[in-house]
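Peer 1: Predicted model and sequence follow; I will ask about them next.
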2 protein chains.
Amino acid sequence: MTPPTETKTPARATTTATTKTTKTPAQATKAVTLLDVATRAGVDRSVVSRVLRDDPRLNIREETRERVLEAVRALDYRPNALARSLRTRRADTYGLLIPDFGNPVYASIIQGAESAAIARDCVLMTGSVGAGAEQAAHHLDVIGRGRVDGLLLAGDHTDRAQLDELDRRGIPWLLVNRRLPRARRWVVLDDEEAAGLAVRHLIGLGHERIAHVAGPRDADTARRRMRGWRTAMRAAGLATPARAVVVSDYTPEGGARATRELLARAERPTAVLVANVAAAIGTLSAAAEAGVRVPEELSVVAVHDLPLAAVLRPALTTVRTPLERLGARAIELLASTAPDAPIEEVVDGELELVERASTAPPAASS
Amino acid sequence: MTPPTETKTPARATTTATTKTTKTPAQATKAVTLLDVATRAGVDRSVVSRVLRDDPRLNIREETRERVLEAVRALDYRPNALARSLRTRRADTYGLLIPDFGNPVYASIIQGAESAAIARDCVLMTGSVGAGAEQAAHHLDVIGRGRVDGLLLAGDHTDRAQLDELDRRGIPWLLVNRRLPRARRWVVLDDEEAAGLAVRHLIGLGHERIAHVAGPRDADTARRRMRGWRTAMRAAGLATPARAVVVSDYTPEGGARATRELLARAERPTAVLVANVAAAIGTLSAAAEAGVRVPEELSVVAVHDLPLAAVLRPALTTVRTPLERLGARAIELLASTAPDAPIEEVVDGELELVERASTAPPAASS
DNA sequence: CTGAAAGCGCTTACAG
DNA sequence: CTGAAAGCGCTTACAG
């Protein structure tokens, strides 16, 4: 009705460009809103909203619905997620906390979680906590501000106090790939079976002195893989002396260090199960450095497969684990389970021994 | 004033638990709101808000301010980020799109961007687009719904049409580690210099036949590294024939394939610059497979350093690049630059040749 | 069968 | 110096 007033700004022209003109088409790109769509379609905002969310309690003439959808298309309307979330009290966002983006094992978990989140029309926010506890604090703080509907906790930087804090704030959480005492919400892989599979492969090749480069003492995965090693050894009547085990972390450097220690011991093993593929890279490196030939003098097998494993020298035999499925399953469980209900799940199936060049029968020499 | 009414629900007791009781302390964990804090402190909500954001236009008695802060602490109040964002029209969130979480080069970029976002009290949302274009579409769609204040685009899945779409929606974007024709907002590393540094290292060792395992033809980084290789070669009076170049992608498998091709050619090089560290892993693998000893028969150097490089056999000589700084700088530029202003920045300094075991003088045999 | 209204939890110009 | 009010863009019980 009222035509755009030509605002003449005489003397007091300032540098600020925020003169409120009545719509300047090219500029400003003011976001299209529900009201814009409603106006164009000649209906109320609420009708547009209901059409878009397919409200079953909405009986509308097909013709009107068409008009609404046409307006949505014409204006390329995209509902504002923040406004929607404020109203519905659902952020449609899940958080995932990992130790470090550089760890390729977590890459697969992230990938799985991301796909599952997308499949639910949600968004995944992944943060790393690294070495610095202050980064973890930041993430927990942010998360407390209503930005996520739930939080996946992978990696070792979670303690009981943090879980209590999340409980207090009413934010559902789920431990991924690890457990914690008194925390009855977790989803993990069958680490024990993965380790067992690797050991049985070595035993099948004829090995008897099979060492274990284990993960960190306080890591839940490490304990379960160690148990798998021990159980499989005993089942075959083989000894599991303390000297056959050396503790490492899940990095190449750690694996190298641990392997050096192992190779320096009196009675050298003919084979070794490394608890983690990244550490196993270090094992190969340490063996080469010590002049120990793999697989002739030392067979090496590791838990978790990676594209990288195929391209190492020698190519690394691994146990493939469903890491991506673990991430996806974690989102599904988090999204579909009541916040106070326990979740205790071992992701099933899909363990597979990927035989490459790093394992072979022991040399006849012994 | 009115005491909690004891609601006796006689006959029509249903299963639903949402009987509106006047505060049930233990249960429900209703989020603390601004009003709760205001009520406890005996002031208006607006005062609390201003105290918390340190509004300079607020003159308040020190005593009152104390009371407010005390209430905030006592209730452990955390402002709702969604409500705040809706009002201020700032999501305090930046997006980052990468091709693949499994690529360790991007891990460093993410890490840098994450730290920078945290430093600005913002949140980073990282999504991967992988092979599937539909995942990219999902992310772009989500981003169009007001969830981010700006978007970092790393990786090759961006085309001009997507940028136009973002422009239309008024979402500031910035290309990271790549450029695109007619897209004047990017931040990159000094790829040319990085490649040059590597080549000069090889030349310094006495090499003359220096091949190049290049990146993908359409990758901007690949072109710049190739130019660096060529320029450094010519500056030393060395030839850069077409047969000295072989195209690869930035994966170990691709690097292995390309290197096999290179080694099969008539006149074998004594050294090779691999455009990317991941591809160089494949180069080592292919060399070993072909019985070509590194570095005795072939020196190998790659762009980008990784912890992994130190633990390969032989340990890989690399050019360390400030990837983390690239990610951090990208966030800073995105946050501090007007959406329509051009950004064309080469992250400066910090290139360093990390000499390990994969490079040595050429064998005297030639 | 459709519209008007209230409200999610904030921030911020505006009164008093 | 502090409070009341409007409004960000949605959704959803409630009227008519």
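Peer 2: That came through, no problem.

Peer 1: which other residues reach the worst-scoring helix or strand of chain A on mean pLDDT?
Peer 2: Taking mean pLDDT, DSSP states H and E as the measure, helix A:133-142 is the helix or strand of chain A with the lowest mean score, a mean of 86. The contact list for helix A:133-142 (C-beta atoms under 8 Å, 6 or more residues apart in numbering or on different chains) reads A:95, A:97, A:127-129, A:157, A:162, A:165-166, B:78, B:81, B:114-115, B:118, B:123. For every residue, glycine as well, the C-beta is placed using N, CA and C.

Peer 1: what comes up buried for it?
Peer 2: A:135-136, A:138-140, A:142 (16 or more other C-beta atoms under 10 Å in any protein chain shown).

Peer 1: Now render those as JSON lines, adding distance to B:R61.
Peer 2: Formatted as JSON lines, those follow (distance: C-beta to C-beta, whole Å):
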{"residue": "A:Q135", "distance to B:R61": "37"}
{"residue": "A:A136", "distance to B:R61": "37"}
{"residue": "A:H138", "distance to B:R61": "32"}
{"residue": "A:H139", "distance to B:R61": "36"}
{"residue": "A:L140", "distance to B:R61": "33"}
{"residue": "A:V142", "distance to B:R61": "32"}
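
Peer 1: Closest one of these to A:T231?
Peer 2: Lowest distance from A:T231 to those (C-beta to C-beta) belongs to A:A136, with 34.6 Å.

Peer 1: List the contacts of the closest residue to A:I343 other than its chain neighbours.
Peer 2: Setting aside the residues directly before and after it, A:I343 is nearest to A:R185 in space (C-beta to C-beta, 6 or more residues apart in numbering or on different chains), at 4.5 Å. Applying C-beta under 8 Å, 6+ apart to A:R185 gives the contacts A:173-175, A:342-344.

Peer 1: swap in A:G254?
Peer 2: A:248, A:279, A:282.

Peer 1: Show me the residues you listed that map onto helices.
Peer 2: A:279, A:282 (DSSP state H).

Peer 1: wouldn't A:E70 be in contact with A:G42 here?
Peer 2: No. Between A:E70 and A:G42 there is no contact under C-beta atoms under 8 Å: 11.2 Å.

Peer 1: Which residue ranges of the stretch 101-250 of chain A form strands?
Peer 2: Listed in chain order, the strands of the stretch 101-250 of chain A (DSSP state E, counting those that start in this stretch) span A:123-128, A:150-154, A:173-176, A:185-188, A:210-214, A:245-247.

Peer 1: what inclination does the longest one have with respect to helix B:133-142?
Peer 2: Taking axes from the mean of the first three to the mean of the last three C-alpha atoms, to 10 degrees, one finds that strand A:123-128 is oriented at 90 degrees with respect to helix B:133-142.

Peer 1: quick one: average confidence on strand A:123-128?
Peer 2: Averaged across strand A:123-128, the pLDDT comes to 96.

Peer 1: if we look at it, which residues are touching it?
Peer 2: A:92-101, A:110, A:113-114, A:117-118, A:135, A:139, A:147-148, A:331, B:110-111, B:114, B:123-127, B:142, B:147.

Peer 1: Direction included, what does it pair against?
Peer 2: strand A:93-98 (parallel) (DSSP bridges).

Peer 1: Just the residues contacting the partner strand, thanks.
Peer 2: Here strand A:93-98 has contacts from A:106, A:109-110, A:113, A:117, A:122-129, A:136, A:139, A:143, A:147-155, A:157-158, A:176, A:327, A:331, A:334-335, using C-beta under 8 Å, 6+ apart.

Peer 1: Low-confidence stretches in chain A?
Peer 2: A:1-29, A:131-132, A:364-366 (pLDDT under 70).

Peer 1: what about the nearest residue to A:A219 once chain neighbours are set aside, how many neighbours?
Peer 2: Spatial nearest neighbour of A:A219, excluding adjacent residues (C-beta to C-beta, 6+ apart): A:D156 at 6.4 Å. When neighbours are counted by other C-beta atoms under 10 Å in any protein chain shown, A:D156 registers 17.
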